[in-house]
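In: Turn this into a model:
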Amino acid sequence: MQNIFHNIAVTIICCLPFCVITKANQINNQVVINQSKGGSNLYSDTSVLSFTLKGNIRDLFNDRSTNPSNHSIELVYTKEDNSEHSLTVQARTRGHFRKLKENCNYPPLLLHFTKNETLNVSPFKGYDKSKLVMPCQGDEYVIREWLVYKIYNLVTPKSIQARLVKVKIEDSKLKKNPPPFYGILLEDEKKMAKRNHAIAIERKLRPEQTDKDAFIKMAVFEYLIGNTDWSVQYLQNIKLISPDSNGVATTVPYDFDHSGLVSAPYAKPAEELEMHSVQERRYRGYCIKDMKQFDASVALFNRIKKDLYSLYTDCTYLDEKYKKVTLRYLDDFYEVINTPAKLQKEFGYPCDPNGTGNIVIKGLREN
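Out: Prediction:
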């Protein structure tokens with residue numbers, strides 16, 4: 001399956017059942033926000049959320065230093081009565097690879113919401129902050145990554161929720177603004193932890209010191225999507241949650257743009273792994289010689305297979321070529337986990353003393 005996604009042009013205007021946009025609920029390219037008496041459904045609402053970011057956006061985007069400042073901007077959305085509402089937001093750039101200008105057109109953002117009465121009647125009610133994934137080199141890769149978050153939501157509730165959004169920029173210093181683009185709002189890890197009756201923690205741990213069943217499930221998922229850009233030791237694209245400060249930690253993955261399923265043009269595996277492309281799969285868990293310990297995860301992924309495939313087959317605006325190669329990529333995964341000899345070869349790789357299965361990926365993080 002090497003280079004399976006290479007040079008495939010994809011045009012995505014996603015109309016999955018959980019993100020349909022119809023003319024009836026569009027007003028000036030903004031989707032009407034449905035408010036219930038129960039408050040915000042920021043991540044349980046499956047529609048595409050549209051909003052406009054207004055202010056000195058250029059200075060915000062250009063502030064990509066190691067310690068970026070907060071920039072005060074407006075976030076404007078349209079309610080179901082057609083009225084526009086504005087929230088004051090403190091925004092700053094975040095991330096590592098995608099924050100660098102030489103890598104990405106737009107930097108990822110962290111949005112801090114100002115607590116006031118306006119926030120209490122907005123779709124962001126109950127949220128202090130949210131990460132916003134911006135398009136690095138094209139909208140299609142944003143949507144592909146969003147679908148990967150949806151896959152892991154099928155795997156476990158101990159996962160970061162993601163909301164597909166349509167973002168419009170109105171820069172006070174620009175005469176001509178860019179066309180609207182897709183982004184992803186990501187649930188804050190503390191909210192995710194609380195939702196799972198846990199707390200977010202940061203510890204120096206080896207993978208073997210985390211919850212074993214949860215780790216295997218996560219590592220199999222990373223293998224499924226073709227992602228090697230993660231490590232527990234350096235908390236590289238990994239969050240940890242635990243029932244309490246002394247409890248056993250559970251690993252929660254995020255940032256999937258270097259995966260084979262997303263296949264971003266800038267994505268490359270670490271040289272130390274001796275892989276040709278991100279479309280190759282490499283199991284990055286620790287050595288487990290008893291393959292029976294994978295039985296629970298194999299059963300889980302077989303259970304969610306239909307729903308997993310539906311994420312792609314039900315998206316009628318996915319390019320057919322991309323859809324076909326994606327389904328073949330998924331087929332290969334299911335053939336591996338349901339063929340004992342292939343399962344042994346792939347998931348037993350970390351036990352090979354001559355292989356690259358025990359290399360720790362440090363990424364761009366400092367010590």
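In: List of residues touching stretch 264-284?
Out: Defining contact as C-beta atoms under 8 Å, 6 or more residues apart in numbering, one finds that stretch 264-284 is touched by 1-6, 103-104, 136-138, 141, 219-220, 222-223, 226-231, 257-260, 263, 329, 332-333, 336, 346-347, 349-350, 356-357, 359, 361. (C-beta placed from N, C-alpha, C; glycine too.)
In: which of the residues you listed count as buried?
Out: Judged by neighbour count, with 16 or more other C-beta atoms under 10 Å as the criterion, the buried members of these are 1, 4-5, 104, 136-138, 141, 219-220, 222-223, 226-231, 257-260, 263, 329, 333, 336, 346-347, 349-350, 356-357, 359, 361.
In: need the helices for the stretch 1-150 of the chain, in chain order.
Out: If you assign secondary structure with DSSP state H, counting those that start in this stretch, the helices in the stretch 1-150 of the chain sit at 57-62, 117-120, 139-155.
In: Can you flag the weakest of these by average pLDDT?
Out: Of all those, mean pLDDT reaches its minimum on helix 117-120 (a mean of 76).
In: Now do the buried residues in stretch 306-319.
Out: Neighbour-count burial for stretch 306-319, counted by 16+ other C-beta under 10 Å, picks out 308, 311-312, 315, 318-319.
In: hang on, Met218 in a strand?
Out: No: when classified by DSSP: H, G, I helix; E, B strand; the rest coil, Met218 is found to be helix rather than part of a strand.
In: The closest residue to it other than its chain neighbours sits in which helix or strand?
Out: When the adjacent residues along the chain are set aside, Met218 lies closest to Thr251, with 5.1 Å between them (C-beta to C-beta, 6 or more residues apart in numbering). Element membership for Thr251 (DSSP states H and E) is strand 250-253.
In: C-alpha coordinates for the helix or strand just after that strand, CSV please?
Out: In the C-terminal direction, the helix or strand that comes right after strand 250-253 (DSSP H and E) is helix 295-303. This file holds the C-alpha atoms of helix 295-303, laid out as CSV (Å, rounded to 0.1, in the frame of the first residue of the first chain):
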residue,chain,number,x,y,z
ASP,A,295,-7.6,-10.4,21.3
ALA,A,296,-9.7,-7.8,23.1
SER,A,297,-8.5,-5.0,20.7
VAL,A,298,-9.0,-7.2,17.6
ALA,A,299,-12.6,-8.0,18.8
LEU,A,300,-13.2,-4.3,19.3
PHE,A,301,-12.0,-3.2,15.9
ASN,A,302,-14.1,-5.9,14.3
ARG,A,303,-17.1,-4.7,16.2
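In: can you list contacts of helix 295-303?
Out: Counting by C-beta under 8 Å, 6+ apart, 155, 213, 216-217, 220, 224, 308, 333-334, 337-338, 343 sit against helix 295-303.
In: Just among those, which is most surrounded?
Out: When neighbours are taken as other C-beta atoms under 10 Å, the top entry among the contacts of helix 295-303 is Leu224 (25 neighbours).
In: which element follows the helix or strand hosting that one toward the C-terminus?
Out: Using DSSP H and E, the secondary-structure element containing Leu224 is helix 212-225. For helix 212-225, the following helix or strand on the C-terminal side (DSSP H and E) is strand 238-242.
In: I'd like to know which elements that next one is packed against.
Out: helix 189-195, strand 199-201, strand 250-253 (3 or more C-beta pairs under 8 Å, 6 or more residues apart in numbering; DSSP states H and E).
In: of all the ones you listed, which lies closest to Arg98?
Out: Shortest distance between Arg98 and those, using C-beta to C-beta, is found for strand 250-253: 16.2 Å.
In: Give me the buried stretch members for the closest one, please.
Out: Buried positions in strand 250-253, judged by neighbour count with 16+ other C-beta under 10 Å: 250-253.
In: follow-up on the earlier one: now the residue nearest to Met218: how far from Gly348?
Out: Between Thr251 and Gly348 the distance, using C-beta to C-beta, to the nearest Å, works out to 20 Å.
In: try Leu119
Out: Counting by C-beta to C-beta, the gap from Leu119 to Gly348 is 51 Å.
In: Repeat that for Leu311.
Out: Distance of Leu311 to Gly348, computed by C-beta to C-beta: 29 Å.
In: now swap in Met291 and tell me
Out: 7 Å.
In: So these two - more neighbours on which side?
Out: In terms of neighbours (other C-beta under 10 Å), Gly348 is the more surrounded of Met291 and Gly348; the figures are 18 against 13.
In: Return the residues in contact with that one.
Out: Here Gly348 is in contact with 287-289, 291 (criterion: C-beta under 8 Å, 6+ apart).
In: 6 Å instead, please
Out: Contact partners of Gly348, counting by C-beta atoms under 6 Å, 6 or more residues apart in numbering, are absent.
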